[in-house]
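> any chance you could fold what I've pasted below:
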Amino acid sequence: MPKKKKTTSQAARRRVLSVLARMRRRGESLSEAARLERTTPRTVRKLIGKQFRRSASGRYSATSGDTLRREINVLGVDGYVPVTVRSSKQAQLASEHLIAVGRFLRTGDTEWLRPFIAKRASSVELLTNPDRLEILGDAGFKLDSLYRQQRSGN
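As a prediction, the model looks like this:
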């Protein structure tokens, strides 16, 4: 009888991806990043072990990029569009875009949006129109919704 494959909770997967991001961004060790994200190094290695290199001394370091699937929201012309990206570079682009939009809304400086003109995350063109962004900002649009929330029971 074949073994049943255990399913990974979305929360655990999100924590593991956060560990990987911390290691890349801040240079933290695997154990330190895992502790700060409230998971274990064993869980991280089990779920995304191929994204690490192990040195001769036994220390793990994160690879510079990956091709892990991420379900995210990209800020397009009509608001958030749910997409699935298959690289850390695409997810980083969408994240940096949201940060730039937040800075634009706080300062009114369109220079923050310039690097994202005509850029796409997956198949969605990133929103850089200042007038449209101000309308969304005035409507109380949330800018903290990069990762899609999974409904329970789905």
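> what helices or strands is the helix of greatest length in the chain leaning on?
For the chain, the helix with the greatest residue count under DSSP state H is helix 88-107. For helix 88-107, the packing partners by 3 or more C-beta pairs under 8 Å, 6 or more residues apart in numbering; DSSP states H and E come out as strand 70-76, strand 120-121, helix 130-138. The way it works is simple: take the backbone N, C-alpha and C, and place the C-beta from them, glycine included.
> which residues are contacting the helix or strand hosting Val16?
Per DSSP states H and E: Val16 is located in helix 10-26. The contact list for helix 10-26 (C-beta atoms under 8 Å, 6 or more residues apart in numbering) reads 28-30, 33-34, 36-39, 43-44, 47-48, 51, 60-62, 64, 66, 68, 70, 88, 147, 150.
> show me how the protein divides into domains.
10-59, 70-138 (automatic domain parsing).
> about what we covered before: filter the contacts of helix 10-26 to the buried ones?
In those, burial by neighbour count holds for 28, 30, 33-34, 37, 39, 43-44, 47-48, 51, 60, 62, 66, 68, 70, 88, 147, counting by 16 or more other C-beta atoms under 10 Å.
> tell me the centre residue of this protein?
Ala91 (4.8 Å; C-alpha atoms, centre = their mean).
> about what we covered before: kindly reformat the helices and strands packed on helix 88-107 as a markdown table containing distance to Leu113 and mean pLDDT.
A markdown table is the format used below for these (distance: least, C-beta to C-beta, whole Å; pLDDT from 0 to 100):
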| stretch | distance to Leu113 | mean pLDDT |
| --- | --- | --- |
| strand 70-76 | 11 | 90 |
| strand 120-121 | 15 | 92 |
| helix 130-138 | 7 | 90 |
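> give me the phi and psi angles of Pro82.
Recorded main-chain torsions at Pro82 are phi -70, psi 130, according to degrees, to the nearest 10.
> quick check: pLDDT value at it.
As predicted, Pro82 sits at a pLDDT of 93.
> pretty sure it sits against Asn73.
Yes: the pair Pro82 / Asn73 is scored as a contact, 5.7 Å apart, by C-beta atoms under 8 Å.
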